[in-house]
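Asker: Requesting a structural model of the entry that follows:
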Amino acid sequence: MVEINDELIEYMMIFKKEFHDIVPMRQISTAVTNEQLIDAIKKSLVAKKNLLPEIFGYSESNDKTY
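Answerer: Below you'll find the model as predicted:
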């Protein structure tokens with residue numbers, strides 16, 4: 001289960017700055033750990049592409065709040 005801590009907040013802020021979007025916590029399984037989420041964010045940053053939908057198996061169109 002992801003628990004919000006300073007390290008995760010730091011990576012979430014970097015993600016938002018890079019991709020102009022938030023990390024969609026509602027779309028990420030409760031089985032995911034902080035380490036897994038941070039690793040996925042790092043992979044996205046290196047690839048310069050939001051890989052979270054691919055890594056965690058959700059549709060990017062489903063993570064938008066209207």
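
Asker: Give me the most central residue, this protein.
Answerer: Nearest to the mean C-alpha position of the chain, by Cα atoms, centre = their mean, lies V23 at 4.0 Å.

Asker: Could you pull up the residues touching that residue?
Answerer: Residues near V23 by Cβ atoms under 8 Å, 6 or more residues apart in numbering: M12, F15, K16, L37, I41, L52. C-beta coordinates here come from the backbone N, C-alpha and C atoms, glycine included.

Asker: now these: which count as buried?
Answerer: Neighbour-count burial within these applies to M12, F15, L37, I41, L52; the criterion is 16 or more other Cβ atoms under 10 Å.

Asker: So which of these sit within helices?
Answerer: Members of those lying in helices (criterion: DSSP state H): M12, F15, L37, I41, L52.

Asker: For the residues you listed, which two are the farthest from each other?
Answerer: With distances taken as Cβ to Cβ, the most widely separated pair in these is M12 and L52, at 11.1 Å.

Asker: How about the contacts made by M1?
Answerer: Contacts for M1 were tallied using Cβ under 8 Å, 6+ apart; they are T30, A31, V32, T33.

Asker: nearest to F56, of these?
Answerer: For the contacts of M1, the closest approach to F56 (Cβ to Cβ) belongs to V32, at 6.7 Å.

Asker: tally of neighbours for K43?
Answerer: Other residues near K43 come to 14 when the count uses other Cβ atoms under 10 Å.

Asker: Thank you, goodbye.
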